[in-house]
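1. fold the stuff below for me.
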Amino acid sequence: MSLLKRIERNQQPADKEVRTGTPPRAVRPKPTGRRPVPTSQNRDAFRDLKERIQDKLIAELDPAMDVSRTDEVRQTIQDLFDQILTQENIILSRPERERLFEGIVAEILGFGPLEPLLADENVSEIMVNGPEKVFVERKGKLSKTNIIFENNEHVMKVIDRIVSPLGRRVDESSPYVDARLPDGSRVNAIIPPLALNGPTLTIRKFEKDPLTIEDLVRFGSLSPEVAEFLKACVMARLNAVVSGGTGSGKTTLLNVLSSFIPNDERIITVENAAELQLRQEHVVTLESRPANIEGKGEVSIRDLVINTLRMRPDRIVVGECRAGETLDMLQAMNTGHDGSLTTAHANSPRDVLSRLETMCLMAGMDLPVRAIREQVASAVDLIVQQARMRDGSRKIVNVTEVQGMEGDVIVMSDIFVFEQQGVENGKIIGRLKPTGIRPKFSERIEVAGINLPANIFGARTSF
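-> Numbers count the residues shown, from 1 in each chain. The predicted structure is shown next:
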């Protein structure tokens, strides 16, 4: 896409001519010996200067410039920026000059005021509640930032810049959208009239380098023994469901489990917004599509799961089961596609079974509950329950085997359970404790040529 088209899409139409008069020689207050407190008047003056230089800079840039060559574009902007400041005799301190330049570059090439937060590796989630309230999550804790947008239209420009390259839209007729950033971070946007506080944007960032099982052990999300056990389950082609609440780390754990799939297998992933970062060579990524402005062209997760069965998959990985696609996923697990993985929202392993039943009924099939339960009991081998603890940490709290049916009830057995021992300096202390029960699918692990230590299901592990 040309630079001019990109700028036109993300800039408001100018309703006045670019002013060329000479501004005051200094836009900063006189030194008083103390650090000046920013005022509304100072912010307005700086914003006015930024808009004026930005408009003039855009007018002088070559419309045919290739914006994908970021370093060259940035250098060109730097040269023109310096030239404009010299021509108009604008005097700025070095920090002000750098702040003004980075702000203009972020508006032209990036995501405006959000750029510093996106670059901060300690920020895991960004929440924009209208133009003046921007919150972030660091180490599981929320805090408000001093970043503000100019107005609702400014927030809308950033949202449009995110969703437009993906062929998505957000307007009054379609006021909310799921999307992703180029680095794979998940984005949700919802705008007025549904969002009363103004355009609301939620960005869940992902590590540039995907987390490994060793990272999760180091963070205390699970013990080394459980890590070894889960790796064996994936390699032995057991069907697993990762469950938990919102923000509990389900997708991260699913990505880690997917990394254990052998490199010589064909993997097909199905997601609403592509987030999984599989490193294997033979991976096909499918993404659902919403309806267009005429209400046509929608491709649902269920459509993709059904189509996946015609693509000769060795493994099917569904980012999240939310509705009728659950029935198709269970049938795939029961018809030779062993080793499939998915996630579901649920508060406990027992709740997962109820959720799976409910979502199967959403497929519109008039199936008896017992038939659905038999499908679930036959398809799912393992449930891994994630939880976000009060201190903000994410931990595996249950590793549960689905053993089969007894009458009309699905029988389950906990293999590992998290046991909290207390709180120290605000951090939850506990251990993932083996229950001493050896899972019935141990034979399948052994047949796959994987030998787990005999004491892995009985030794107590601390972390």
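2. give me the mean pLDDT for stretch 73-89.
-> When the per-residue pLDDT values of stretch 73-89 are averaged, the result is 77.
3. look through the protein and tell me its longest strand.
-> Residue-count comparison of every strand in the chain, with assignments taken from DSSP state E, identifies strand 409-424 as the longest.
4. just checking, what packs against that one?
-> On a contact count with 3 or more CB pairs under 8 Å, 6 or more residues apart in numbering; DSSP states H and E, strand 409-424 meets helix 224-235, helix 349-361, helix 369-379, strand 394-406, strand 427-434. Using the backbone N, CA and C atoms, a C-beta is placed for each residue, glycine as well.
5. of all the ones you listed, which one is nearest Glu88?
-> Of all these, strand 394-406 sits nearest to Glu88, with 51.7 Å by CB to CB.
6. what pairs with that closest one, parallel or antiparallel?
-> Take DSSP bridges as the rule and strand 394-406 pairs in its sheet with strand 382-388 (antiparallel), strand 409-424 (antiparallel).
7. name the stretch among these that sits most buried.
-> For those, average neighbour numbers computed from mean count of other CB atoms under 10 Å are highest in strand 382-388, which has a mean of 23.
8. would JSON lines of the strands paired with strand 394-406 with distance to Ile148 and mean pLDDT be doable?
-> Converted to JSON lines, those look like this (distance: least, CB to CB, whole Å; pLDDT from 0 to 100):
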{"stretch": "strand 382-388", "distance to Ile148": "29", "mean pLDDT": "95"}
{"stretch": "strand 409-424", "distance to Ile148": "36", "mean pLDDT": "92"}
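9. hey, what's the residue most central in space within the chain bridged with?
-> In the chain, the residue lying closest to the centroid (CA atoms, centre = their mean) is Arg186, at 3.2 Å. Arg186 has these beta-bridge partners by DSSP bridges: Arg180, Arg204.
10. hang on, it packs against Leu201?
-> No - at 11.5 Å, Arg186 does not count as touching Leu201 under the criterion of CB atoms under 8 Å.
11. so who does the residue nearest to the centre of the chain touch?
-> By CB atoms under 8 Å, 6 or more residues apart in numbering, the contact list for Arg186 reads 178, 180, 203-204, 206, 273, 275.
12. do you know the pLDDT at it?
-> Confidence for Arg186, expressed as pLDDT, is 86.
13. quick one: it from Ala274, how far?
-> When distance is defined by CB to CB, to the nearest Å, Arg186 is 9 Å away from Ala274.
14. follow-up on the earlier one: which of the helices and strands packed on strand 409-424 has the lowest mean pLDDT?
-> Ranked on mean pLDDT, the bottom entry among the helices and strands packed on strand 409-424 is strand 427-434, at a mean of 89.
15. just the C-alphas of the helix or strand following it, formatted as PDB.
-> Using DSSP states H and E, the helix or strand that directly follows strand 427-434 along the chain is helix 442-447. The C-alpha coordinates for helix 442-447 follow below in PDB (Å, rounded to 0.1, in the frame of the first residue of the first chain):
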ATOM      1  CA  SER A 442      -0.700 -44.800  30.700                       C
ATOM      2  CA  GLU A 443      -0.600 -47.900  28.400                       C
ATOM      3  CA  ARG A 444      -1.100 -45.600  25.400                       C
ATOM      4  CA  ILE A 445       1.900 -43.600  26.500                       C
ATOM      5  CA  GLU A 446       4.000 -46.700  26.900                       C
ATOM      6  CA  VAL A 447       2.900 -48.000  23.500                       C
END
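16. how does this protein divide into domains?
-> The record's domain parsing of the chain by automatic domain parsing lists 3-110, 115-204, 213-457.
17. that older thread, how about the helices and strands packed on strand 409-424 in JSON lines, adding mean neighbour count and distance to Val256?
-> Converted to JSON lines, the helices and strands packed on strand 409-424 look like this (neighbours: other CB atoms under 10 Å; distance: least, CB to CB, whole Å):
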{"stretch": "helix 224-235", "mean neighbour count": "20", "distance to Val256": "8"}
{"stretch": "helix 349-361", "mean neighbour count": "20", "distance to Val256": "19"}
{"stretch": "helix 369-379", "mean neighbour count": "17", "distance to Val256": "22"}
{"stretch": "strand 394-406", "mean neighbour count": "20", "distance to Val256": "11"}
{"stretch": "strand 427-434", "mean neighbour count": "18", "distance to Val256": "15"}
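18. between the ones you listed, which one is nearest to Ala291?
-> Between Ala291 and the helices and strands packed on strand 409-424, the shortest separation by CB to CB is 21.3 Å, and it involves helix 349-361.
19. contacting residues around the closest one?
-> By CB under 8 Å, 6+ apart, helix 349-361 touches 241, 243, 321-327, 330, 344-346, 367, 369, 372-373, 375-376, 380, 383, 385, 398, 400, 402, 410, 412, 414.
20. again, but for stretch 114-131
-> Here stretch 114-131 makes contact (CB under 8 Å, 6+ apart) with 102, 106, 110-111, 134-140, 142, 145, 147-152, 154-155, 158, 181, 185, 195, 197-205, 247.
21. now list the buried members of those residues.
-> Buried members of the contacts of stretch 114-131, counted by 16 or more other CB atoms under 10 Å: 106, 110-111, 134, 136-137, 145, 147, 149-150, 152, 154-155, 158, 181, 185, 195, 198-201, 203-205, 247.
22. next step: the residues you listed restricted to helices.
-> Secondary structure defined by DSSP state H assigns 106, 152, 154-155, 158 of the buried ones among the contacts of stretch 114-131 to helices.
23. was I right about Lys139 contacting Gly426?
-> No - counting by CB under 8 Å, no contact exists between Lys139 and Gly426, whose distance comes to 11.0 Å.
24. re the thing from before, tabulate the helices and strands packed on strand 409-424 (TSV), appending distance to Ile261.
-> Rendered in TSV, the data for the helices and strands packed on strand 409-424 read as follows (distance: least, CB to CB, whole Å):
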stretch	distance to Ile261
helix 224-235	6
helix 349-361	22
helix 369-379	18
strand 394-406	19
strand 427-434	23
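25. Glu98 is nearest to which of those?
-> Of all the helices and strands packed on strand 409-424, the one in closest proximity to Glu98, counting by CB to CB, is strand 394-406 (36.7 Å).
26. any chance of the strands paired with strand 394-406 in JSON lines, with distance to Arg310 too?
-> Written out in JSON lines, the entries for the strands paired with strand 394-406 read as follows (distance: least, CB to CB, whole Å):
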{"stretch": "strand 382-388", "distance to Arg310": "27"}
{"stretch": "strand 409-424", "distance to Arg310": "30"}
